[in-house]
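Trainee: Fold the following and give me the result.
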Amino acid sequence: MRIPDDQDPSVVMHLPDQTTLAAGLLSATNMRRELGQETVIEIVVQGAAVRHLCNDSDLSSTIKKTLLHGCTVAACGNSLRAQNLDPQLLIDGINVVPSAVAYVAQRQWRGAAYVRL
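Mentor: Next up is the predicted model:
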């Protein structure tokens, strides 16, 4: 996964709760429409919400549409381990970052706007 550089307009959306995942995916799609294709939109998922990033999830079609709209989705590696989930079960195109909170901090240091639902 390429981390956008300081020149790319970017938004990192932090979704640490499974109750906000569906709303976050919809918000990311809406952001894409308003901000345009040149804006990098990253969705970072952690906690029990990573369970919904698997192929058999009730949100799998919504996640796939979000990816098709040009947003990226990243799962927290720490959360995957805590949930005993094999990263191979994730929907194709989902990235794994070692730590969601560390990744979000790194993205903010590089100038990304931060959104949390």
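Trainee: Quick check: which element contains the residue nearest the centre of the chain?
Mentor: Closest to where the C-alpha atoms of the chain average out (Cα atoms, centre = their mean) is residue 43, at 2.2 Å. Taking DSSP states H and E as the definition, residue 43 sits inside strand 40-45.
Trainee: That strand: partners in the sheet, and parallel or antiparallel?
Mentor: strand 10-15 (parallel), strand 72-76 (parallel) (DSSP bridges).
Trainee: Residue 64: which of the ones you listed is closest?
Mentor: Nearest to residue 64 among those is strand 72-76; the distance by Cβ to Cβ comes to 9.8 Å. Quick note: C-beta positions are derived from backbone N, CA and C, even for glycine.
Trainee: ok, then the element right after that closest one?
Mentor: For strand 72-76, the succeeding helix or strand toward the C-terminus, using DSSP H and E, is helix 77-82.
Trainee: Quick check: buried residues in whatever helix or strand comes next after that following helix?
Mentor: Scanning forward in sequence from helix 77-82 by DSSP H and E, the next helix or strand is strand 95-97. Neighbour-count burial for strand 95-97, counted by 16 or more other Cβ atoms under 10 Å, picks out 95, 97.
Trainee: Can you work out which other helices and strands pack against strand 95-97?
Mentor: The elements that strand 95-97 packs onto, with contact taken as 3 or more Cβ pairs under 8 Å, 6 or more residues apart in numbering; DSSP states H and E, are strand 72-76, helix 77-82.
Trainee: what separates it from the chain centre, distance-wise?
Mentor: Offset of strand 95-97 from its chain centre (Cα atoms, centre = their mean, to the nearest Å): 9 Å.
Trainee: Identify all contacting residues around that strand.
Mentor: Strand 95-97 has contacts (Cβ atoms under 8 Å, 6 or more residues apart in numbering) with 1, 44, 72, 73, 74, 75, 76, 77, 80, 87, 90, 103.
Trainee: ok so, going back, what's the strand holding residue 43 in contact with?
Mentor: Outside of strand 40-45, the residues within contact range by Cβ under 8 Å, 6+ apart are 4, 8-16, 21, 24-25, 28, 31-32, 35, 52-53, 66, 70-76, 79, 97, 100, 103-104, 107, 112.
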